[in-house]
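A.B. asks: Structure for the following, please:
(one chain, ligands or ions: 1)
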Amino acid sequence: MADIVFIEGLAVETVIGVYDWERDITQRLLVDLEMAWDNRAPGASDDVADALDYAAVSEFVSRCIRQLEPQLVERAAEVLAAGLQSHFGISWLRLTLRKPGAVPAASAVGVRIERGERS
Ligand SMILES: Nc1nc2c(c(=O)[nH]1)N=C([C@H](O)[C@@H](O)CO)CN2
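C.D. replies: Here you go, the predicted structure:
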C-alpha cells in the first residue's frame, strides 16, 4: 500500500531554540509531512470520516509544537511523530521540520525523520 496524505509548508509560529534570546521571541517553523494512509475507502465513500483529515492533522501539528516550546527541532520532530502516530493511527510517516532564518546563509536548516513501518 503506497498511498500518502501529505501536508507541505505548514507554518507554525512558536518559541523554539537553545539560546536565551530565542526563549523571548517566536520563530517560524515550516512543517512537511507525508503519512501512509489507505485512500481506497475515502475514495469509494467520499466521506471525510474514512480519510486522514489533513485539516485536523494540521491543527494537531500547530497545537502540539506551540505547547511544547522545544529547544531543539529534533525534540519537536520526535514528540510530533509519536503524537501523530498514536492520535491518528498513522503506521508510517516522514516529517521534515525547517527553521528558516536560523542560519542566515542558508535558506533553511532542520531535520527529517521517518517513523514506523511502511507496509
Ligand atoms: N541539530 C540542531 N542544531 C541546532 C539547533 C537545533 O534545534 N538542532 N538549534 C540551534 C539554535 O536554536 C539555532 O537555531 C539558533 O540560530 C543551533 N543548532
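
A.B. asks: May I have the strands that pair with the helix or strand where residue 114 lies, each with its orientation?
C.D. replies: In this structure, residue 114 sits in strand 109-116 according to DSSP states H and E. In the sheet, strand 109-116 lines up against strand 92-99 (antiparallel) (DSSP bridges).

A.B. asks: what does the strand it pairs with rub up against?
C.D. replies: 16, 27-36, 73, 76-77, 80-81, 84-85, 108-119 (CB atoms under 8 Å, 6 or more residues apart in numbering). All C-beta atoms are positioned from the backbone trio N, CA, C, and that covers glycine.

A.B. asks: Keep only those residues that also lie close to the ligand.
C.D. replies: Restricting the contacts of strand 92-99 to those touching the ligand (CB under 6 Å from any ligand atom) yields residue 73.

A.B. asks: Show me the helices in this protein, by range?
C.D. replies: Applying DSSP state H to the chain gives helices spanning 40-45, 54-68, 73-88.

A.B. asks: Check the gap between residue 26 and residue 8 for me.
C.D. replies: Using CB to CB, to the nearest Å, we find residue 26 at a distance of 21 Å from residue 8.

A.B. asks: neighbour count winner among those two?
C.D. replies: residue 26 (14 against 10; other CB atoms under 10 Å).
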